[in-house]
Structure formats: structure tokens, C-alpha cells
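*Asks:* build me a model:
(one chain, ligands or ions: 1)
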Amino acid sequence: MLPVLEDNNLYRKFWVNKRGIAYPEGYHLGKDFGLDIGKNVYSVWNGIIIEAGLHEGYGSLNPSTKGGCIWIKYQKDDKIFYANYGHINIDKNIIIGKEIKEGEILGIIAHFTNHGVYLSHLHFGIWDSKEKYPSNHWGYQKENDKKHWVDPIPFLKQYKII
Ligand SMILES: [Zn+2]
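*Replies:* Sure thing, here's the model as predicted:
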């Protein structure tokens, strides 16, 4: 399933390059789903929680501001991949190492602003590899090299998760 039930399509698509406008690191490593604070965020498939906590860059549009972020390792048939869910208030039932099912609630959309402008959304990224994702993530990178980052919606369709 999709990680949220709504999307106002006002936010950033995968790999859009904002470099030089708001901050130096431009390549967006996921798709943003725009929706209201408090809306549920769901696990797209059955997986294992790898990380859950506060990370820099997930609190506001300032790389040093911390906010809630979850990483999950998934397997669908022979395909292994990781997904990250950012800018959320993490549900109290989410514990590192725990198995999670498709459709289980991971948390809710958190308050997120840029200079006072209301920008609540889910950052959703997919790392298409059984190798673990890079640990220095915050949703963007400088280099024009996708490595194993992929556009989430086509990926989920390709593997019949949506
Ligand atoms: Zn994002």
C-alpha cells in the first residue's frame, strides 16, 4: 500500500534539484506526500524496523533541525530494499528490531515549517539494494549520483506493492 492515504502533490518529487536556492545539497532522495499534521503514516509492506528516532533534517527545512524518522528493511519475494519515512511523530509501538506488517501505523505527520510557512508532509525514500543505506542521510545529497535511490511510486508499482 501507499504510506499515506492522501497527497496534495504540492511537495517535492524524487530527485528534484533545489541546490543553491534554499541550501547547498540539492538532490531529493525521495518523494514528498503533502498532507495535514496528524494524518497516519503506514508501512507499505511487511518488514523489520532498522532505525526509529530523531534525525537531523527531519524537523524543519534546516539540515540541523531534528525530527522523527524511521527506516525499515523490506523483502517482497526475492527483492530486498529499505524505505525511510521522515517528518513524522513516531508511534510508541515502533521499536527497533520489531517486525511490522503492511498497513501498520508508523506514526503521524508532524509539524514541519520553513521560516514559519506550513509545510507538513511525509518524506518517503526507497533505497533499492540489500546493502544497507548510507547512514549520513537527511533526505538530500550533493552528488549527482543516484546510487541505489529510486523513485518510490514506480518502484512500488513494479514490485506490486501498490
Ligand atoms: Zn522530502
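*Asks:* residue boundaries of the strands in the protein?
*Replies:* Here the chain has its strands, by DSSP state E, at 27-28, 31-34, 40-42, 47-56, 66-76, 79-86, 88-90, 99-100, 105-109, 113-114, 117-118, 121-127, 140-141, 149-150.
*Asks:* most tightly surrounded among these?
*Replies:* Per-stretch averages of neighbours, counted by mean count of other CB atoms under 10 Å, single out strand 121-127 among the strands of the chain, with a mean of 25. Backbone N, C-alpha and C define where each C-beta goes, glycine included.
*Asks:* for this protein, what lies in contact range of the ion?
*Replies:* Neighbours of the ion within the chain, by CB under 5 Å from the ion: 32, 123, 139.
*Asks:* and the residue of the chain found nearest the ion, bridged to which residues?
*Replies:* Closest residue of the chain to the ion, CB to the ion: residue 123 (3.3 Å). In this entry, residue 123 is beta-bridged to residue 32, residue 86, by DSSP bridges.
*Asks:* residue ranges with poor pLDDT in the protein?
*Replies:* Scanning the chain for pLDDT under 70 picks out 18-25, 136-137.
*Asks:* export the strands of the chain to JSON lines and append columns for distance to residue 160.
*Replies:* Shown next, in JSON lines, are the strands of the chain (distance: least, CB to CB, whole Å):
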{"stretch": "strand 27-28", "distance to residue 160": "25"}
{"stretch": "strand 31-34", "distance to residue 160": "18"}
{"stretch": "strand 40-42", "distance to residue 160": "17"}
{"stretch": "strand 47-56", "distance to residue 160": "16"}
{"stretch": "strand 66-76", "distance to residue 160": "8"}
{"stretch": "strand 79-86", "distance to residue 160": "10"}
{"stretch": "strand 88-90", "distance to residue 160": "25"}
{"stretch": "strand 99-100", "distance to residue 160": "19"}
{"stretch": "strand 105-109", "distance to residue 160": "21"}
{"stretch": "strand 113-114", "distance to residue 160": "36"}
{"stretch": "strand 117-118", "distance to residue 160": "35"}
{"stretch": "strand 121-127", "distance to residue 160": "15"}
{"stretch": "strand 140-141", "distance to residue 160": "29"}
{"stretch": "strand 149-150", "distance to residue 160": "15"}
